[in-house]
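**Q** okay, here's the prediction I keep looking at, along with the sequence it came from:
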Amino acid sequence: MAKRLPTLDLFAQAIRTKPVVARKLATVAKAQIEITAPDSQAVMLWDKCLEIIKDNVAGQVFKTWFEPITALCWKDSQLTIQVPSQFFYEWIEEHYYALLQKTIYQVLGSKSKLQYQVLVNKSGDTLEQRAIKLPAFRNAPATGTQSNQQNILPFASTTPVHQKYPNYLNSRYTFENFIRGESNQLASSGAMTVSEAPGKTRFNPLFIYGGTGLGKTHLVQAIGNHIVQNNSSTRVLYTNSERFTIEYVNAIQNNKVNEFTNFYRTIDVLIVDDIQFFSGKEKTQDNFFHTFNALYQAGKQLILTSDKPPKELTDVDDRLISRFQWGLTVDVQLPDYETRMAILQRKSLDEGFEIPSDIIEFIARHVFTSVRELEGSLISLIAKVSLDRRELSLDLAKEVVRGVSAPSDKSITIQDIIREVTKFYNFPLEDLAGKSRKHEIVLARQVAMYLTKRYTPLSLKNIGTYFGGRDHTTVLHSCQMITNYLGNDKSVVAAIESLTRIIGRD
Ligand code: ADP
Ligand code: MG
């Protein structure tokens, strides 16, 4: 498995390839490459890529995620780069996939491939545990604003209980402005119950799951806000699994694991959003497991959200999964038509805008994939009327709905793609998002994911949540399958061509 790399005396080298740009890379996964030292052409090519990347990301992002990468070799149109850890690789793939793809194509040509290698130590563990070269956020200012929340270690060296800390609650999210409907009935009742008696009900932990933009963050933030309003001395902390992970890695790096652990022990109500990103991060999970136990035993409240139910979480320790199910597990679903109407009416009132019912109905009927999209279309309608001085009309609403989450004229949205793919294959969205393995449905689902990846800026992760909470590797696999079919299956070629024409990208 592992191969010694002569240039590194401490660490053995294992090849853990993951296809990223290489959509035809399926055969490479277990291959081992002979590498002696970084070759100069690889370094030169990667430098060119870096120049482009630098122009497209913020300085701190570049420093954190791209500077630590080393180019290793350039051979057979394949550029191999080395990243310090699995976590690093996942982060890059999740956040910078599109940018990397464009850059690699531009510099190396469209037939090229990119291959990652993850450094591992002699025992086969990734270096993640040693946090080598992982982002150094330690200089970030410790304030509670939303904008820099990713970068903060909220714990000081000793963390006495009275010490102030940013709780990351956003007062915008309240129960009062959360519209209840059939789709979120149980989740909102559970949330309200917990907010009245945190740690004292059977709903511990409260675990809310569901697709993106359906109100999970809103609900759990509303719990936190309600509790703090009722009793300002209750220590509430809202975080998410990514921030928890970054803080933990930084704590390791700075020899502050004890402080990190102690800080979390002082919290009365711990809210961890999007825990699906704990997936595969064993050490972080281990720490979170102990945090969970300590808080639970002390009668503190835990509140978690995820894009899928506990049992479907992948690469999450069974001990954690079983604990996640100790309390109340509830989902939030796509809002039905009536709830969509109610949300639109309420939000337009909040914005001080009276919108005729035919327009509200039109939006409610056509925007159905999430509350976030619903909100987005309403806001952009209002913006067009109040800022661009357009007349409020059904035509304007139609224009807006077509452009939801598509700021430029040419952009197309996932709704466009879902609408056309479901029409084309004659399967409803439920089938595409469902679990069926029937060949025709699987194909339609893969086509939809492929087109979404190709024509929208959505990340693999986001696309997955639209299709029944599938994870990013499934989406990646689907894209690769379609790319393979495009090489040898005429019916798929014809389908992709037609759909591309229909959605206006040809
Ligand atoms: P999630 O965390 O599930 O991805 P969010 O909680 O971020 O979704 O919700 C997306 C947006 O939709 C937020 O602005 C939120 O306030 C709004 N929203 C979601 N559900 C509702 C609801 N039932 N009533 C009012 N606003 C909602
Ligand atoms: Mg959320």
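**A** That came through, no problem. Fair warning: this is a prediction, and the values are worked out from it, not measured in the lab. Ligands and ions are numbered 1, 2, ... in the order given.

**Q** quick one: residues contacting residue 435.
**A** Residue 435 makes contact with residue 468 under the criterion Cβ atoms under 8 Å, 6 or more residues apart in numbering. All C-beta spots, glycine's among them, are computed from the backbone N, C-alpha and C.

**Q** hang on, it in a helix?
**A** No. Residue 435 sits outside any helix when classified using DSSP: H, G, I helix; E, B strand; the rest coil, being coil.

**Q** what is the longest helix seen in the chain packed up against?
**A** Across the chain, the longest stretch assigned as helix under DSSP state H is helix 86-108. With contacts defined as 3 or more Cβ pairs under 8 Å, 6 or more residues apart in numbering; DSSP states H and E, helix 86-108 has these neighbours: helix 40-56, strand 78-83, strand 113-118, helix 460-466.

**Q** of the ones you listed, which shows the lowest average pLDDT?
**A** Note on these: strand 113-118 shows the lowest mean pLDDT, a mean of 77.

**Q** from the rest of the structure, what touches the next helix or strand after it?
**A** Moving toward the C-terminus from strand 113-118, the next helix or strand (DSSP states H and E) is helix 185-196. Applying Cβ under 8 Å, 6+ apart, the contact partners of helix 185-196 are 175, 178, 180, 201, 203-204, 206, 208, 210, 215-216, 219-220, 222-223, 226-227, 301, 303, 328, 330-332.

**Q** now helix 185-196: buried residues?
**A** Neighbour-count burial for helix 185-196, counted by 16 or more other Cβ atoms under 10 Å, picks out 186, 187, 188, 190, 191, 192, 193, 194, 195.

**Q** angle of the longest helix of the chain against strand 113-118?
**A** 160 degrees (axes from the mean of the first three to the mean of the last three Cα atoms, to 10 degrees).

**Q** just the CA atoms of helix 86-108, as PDB, please.
**A** Extracted C-alpha coordinates of helix 86-108, given in PDB (Å, rounded to 0.1, in the frame of the first residue of the first chain):
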ATOM      1  CA  GLN A  86      -7.700  13.900   3.700                       C
ATOM      2  CA  PHE A  87      -9.600  16.800   5.300                       C
ATOM      3  CA  PHE A  88      -7.700  19.200   3.100                       C
ATOM      4  CA  TYR A  89      -8.500  17.300   0.000                       C
ATOM      5  CA  GLU A  90     -12.200  17.100   0.900                       C
ATOM      6  CA  TRP A  91     -12.400  20.800   1.600                       C
ATOM      7  CA  ILE A  92     -10.800  21.700  -1.700                       C
ATOM      8  CA  GLU A  93     -13.000  19.400  -3.600                       C
ATOM      9  CA  GLU A  94     -16.100  20.700  -1.900                       C
ATOM     10  CA  HIS A  95     -15.300  24.400  -2.200                       C
ATOM     11  CA  TYR A  96     -13.100  24.800  -5.200                       C
ATOM     12  CA  TYR A  97     -14.000  22.100  -7.600                       C
ATOM     13  CA  ALA A  98     -15.300  24.300 -10.300                       C
ATOM     14  CA  LEU A  99     -12.400  26.800 -10.100                       C
ATOM     15  CA  LEU A 100      -9.900  24.000 -10.200                       C
ATOM     16  CA  GLN A 101     -11.600  22.300 -13.100                       C
ATOM     17  CA  LYS A 102     -11.700  25.500 -15.100                       C
ATOM     18  CA  THR A 103      -8.100  26.300 -14.300                       C
ATOM     19  CA  ILE A 104      -6.700  22.900 -15.100                       C
ATOM     20  CA  TYR A 105      -8.500  22.900 -18.400                       C
ATOM     21  CA  GLN A 106      -7.200  26.300 -19.200                       C
ATOM     22  CA  VAL A 107      -3.600  25.500 -18.400                       C
ATOM     23  CA  LEU A 108      -3.300  21.800 -19.200                       C
END
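
**Q** how far does it sit from the chain's center?
**A** 15 Å (Cα atoms, centre = their mean, to the nearest Å).

**Q** which bits of the protein sit near ligand 1?
**A** 177-179, 184, 212-218, 343, 371-372, 375 (Cβ under 6 Å from any ligand atom).

**Q** any of those residues buried? List them.
**A** By 16+ other Cβ under 10 Å, these give 178-179, 184, 212-218, 343, 371-372 as buried.

**Q** out of the residues you listed, which sit inside strands?
**A** Judged by DSSP state E, those include no members of strands.

**Q** relative to ligand 2, which of these is nearest.
**A** Nearest to ligand 2 among these, counting by Cβ to the ion, is residue 217 at 3.3 Å.

**Q** ok, that closest one to residue 238 distance?
**A** 9 Å (Cβ to Cβ, to the nearest Å).

**Q** which neighbours do those two have in common?
**A** By Cβ under 8 Å, 6+ apart, the residues touching both residue 217 and residue 238 are residue 273.

**Q** remind me which residues of this protein are low pLDDT?
**A** Counting by pLDDT under 70, the chain contains low-confidence ranges at 1-37, 60, 85-88, 90, 118-163, 404-411, 505-506.

**Q** mind listing what the residue in the stretch 351-500 of the chain positioned nearest to ligand 1 touches?
**A** Residue nearest to ligand 1 within the stretch 351-500 of the chain (Cβ to the nearest ligand atom): residue 371, separated by 3.4 Å. Shown in contact with residue 371 (Cβ under 8 Å, 6+ apart): 213, 214, 215, 335, 343.

**Q** keep only the residues of the chain next to ligand 1 that also lie close to ligand 2.
**A** 216, 217 (Cβ under 5 Å from the ion).

**Q** may I have the phi/psi pair for residue 316?
**A** phi -120, psi 130 (degrees, to the nearest 10).

**Q** number of residues surrounding it?
**A** 22 (other Cβ atoms under 10 Å).

**Q** test my guess that it contacts residue 279.
**A** Yes. Between residue 316 and residue 279 a contact is recorded at 5.7 Å, counting by Cβ atoms under 8 Å.

**Q** what's the farthest-apart pair in the buried ones among the residues of the chain next to ligand 1?
**A** 179 and 212 (17.7 Å; Cβ to Cβ).

**Q** got a list of what the residue in the chain that ligand 1 sits nearest to touches?
**A** As assessed by Cβ to the nearest ligand atom, ligand 1 sits closest to residue 215 within the chain, at 2.7 Å. Neighbour list for residue 215: 178, 184, 187, 332, 371 [criterion: Cβ under 8 Å, 6+ apart].

**Q** quick check: the farthest pair among those residues?
**A** 187 and 371 (12.6 Å).

**Q** brilliant, that's me finished.
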